[in-house]
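Peer 1: Quick one, structure for this:
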Amino acid sequence: MRGPSVLRLRCVAARGAFLPAGRRPRGTSAASAYAVTPGRTYEAAGVVVLADHLSVLVRDDWGGPAFVPAELFAGVATVVPAGWAFALDSGAQAGRRTLWGEPVVAVWGYPTLVEEEGHVAALLAGDARAVALFDEAAR
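Peer 2: Numbers count the residues shown, from 1 in each chain. Okay, here's the model as predicted:
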């Protein structure tokens, strides 16, 4: 393992067709493809539980941060990495953070991912500061 702040996962599929129709992220179809390679090992810097699916934050094959459905991976490591934080949104707070417009139920990962409101949106937008924080955590 490269460091204590990542979770190692082996990619088993890269297409939306592998995901059950009711558990695909918003905007994903059977024809959707993710920039990950089956058989390759990736290091996740975070895990996000949304209302209808689970996604992992990995450095994709293009080199940037990407939230990819967890069902496209098999776990290699089974221990939550040292230094990860956790937040559970419940009650009135449920869904206060969104990813692709979907309510976030829980998130694990490097502290900024969990604790900083807007960090996920900044990552998705390619914000330089957010990507730099991801790069630091994914090392």
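Peer 1: Where is the longest helix in this protein?
Peer 2: For the chain, the helix that runs over the most residues, judged by DSSP state H, is helix 128-138.
Peer 1: buried sites along that one?
Peer 2: For helix 128-138, the neighbour count (16 or more other C-beta atoms under 10 Å) marks 130, 133-134, 137-138 as buried. (Each C-beta comes from the backbone N, C-alpha and C, glycine too.)
Peer 1: Give me the contact list for that helix.
Peer 2: Contacts to helix 128-138, defined as C-beta atoms under 8 Å, 6 or more residues apart in numbering, come from residues 5-6, 43, 45-46, 57, 59, 64-65, 109-110, 112-113, 119, 122-123.
Peer 1: Check stretch 29-43 too.
Peer 2: 2, 6-17, 21, 24, 56, 58-62, 66, 68-69, 72-73, 76, 138.
Peer 1: Among those, name the buried ones.
Peer 2: 6-9, 11, 13-16, 24, 56, 58-60, 66, 68-69, 72-73, 138.
Peer 1: quick one: the longest helix of the chain to chain centroid distance?
Peer 2: 14 Å (C-alpha atoms, centre = their mean, to the nearest Å).
Peer 1: swap in stretch 118-136?
Peer 2: A distance of 13 Å separates the centroid of the chain from that of stretch 118-136, by C-alpha atoms, centre = their mean.
Peer 1: tell me the mean pLDDT for it?
Peer 2: Throughout stretch 118-136, pLDDT has a mean value of 91.
Peer 1: And that stretch, end to end?
Peer 2: With C-alpha to C-alpha, to the nearest Å as the measure, the first residue of stretch 118-136 is 18 Å from its last.
Peer 1: I'd like to know how far residue 120 sits from residue 103.
Peer 2: To residue 103, residue 120 is 12 Å away according to C-beta to C-beta, to the nearest Å.
Peer 1: my bad, should have said residue 25
Peer 2: According to C-beta to C-beta, residue 25 stands 13 Å off from residue 103.
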